[in-house]
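**Student:** The amino acid sequence is not available; the structure is as follows:
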């Protein structure tokens, strides 16, 4: 088994177990993370995001599609309740990774933003959030910043 396969397996099994500490250990200090809502720089903010997500009811399955010495591609399925609205979400994600020295230095997740917003938010708000990336990003940033305010271990000096 390739060492990067082991890193990805640790990452996603930890997500399914709600173990944000184990997840954070998979990232390099200067890692970057990007998806349809978040654009994060540094392991501390990535860790805070995973901690926030792990506080919910997320269940994750994954399939490692491809991995080599520099990159990895994983299909992930997350099932959870979007807490802001109490709505169930079944999200299929294509997750791309870059590695350096055995750690994740970049993760970029993509999914159908319109489908996600319809499930998570619904109605007119979901229609808009599915089509306006800045709307999703602003809400995600505020939610993470509020989480960090109540968890001082993530505040950067």
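**Tutor:** Alright, I've got the coordinates. Since this is a predicted model, take the numbers as computed values, not measurements. Numbering: from 1, shown residues only.

**Student:** buried residues in the longest helix anywhere in the chain?
**Tutor:** Of all the segments of type helix in the chain, defined by DSSP state H, the longest one is helix 133-149. For helix 133-149, burial by neighbour count (16 or more other C-beta atoms under 10 Å) applies to 136, 140, 143, 144, 147, 148. Glycine gets a C-beta too; all of them are placed from N, C-alpha and C.

**Student:** quick one, what contacts residue 38?
**Tutor:** If a contact means C-beta atoms under 8 Å, 6 or more residues apart in numbering, then residue 38 has 49, 137, 140, 141, 144 as its contacts.

**Student:** hmm, which two among those are most spread apart?
**Tutor:** With distances taken as C-beta to C-beta, the most widely separated pair in those is 49 and 137, at 12.8 Å.

**Student:** so what secondary structure elements neighbour the one helix or strand residue 44 maps to?
**Tutor:** In this assignment (DSSP states H and E), residue 44 forms part of helix 43-54. Helix 43-54 is packed against helix 3-17, helix 20-24, strand 27-34, helix 133-149, with contacts defined by 3 or more C-beta pairs under 8 Å, 6 or more residues apart in numbering; DSSP states H and E.

**Student:** any idea which of the contacts of residue 38 is closest to residue 128?
**Tutor:** residue 137 (13.0 Å).

**Student:** Does residue 81 lie in a helix or a strand, and which?
**Tutor:** strand 71-82.
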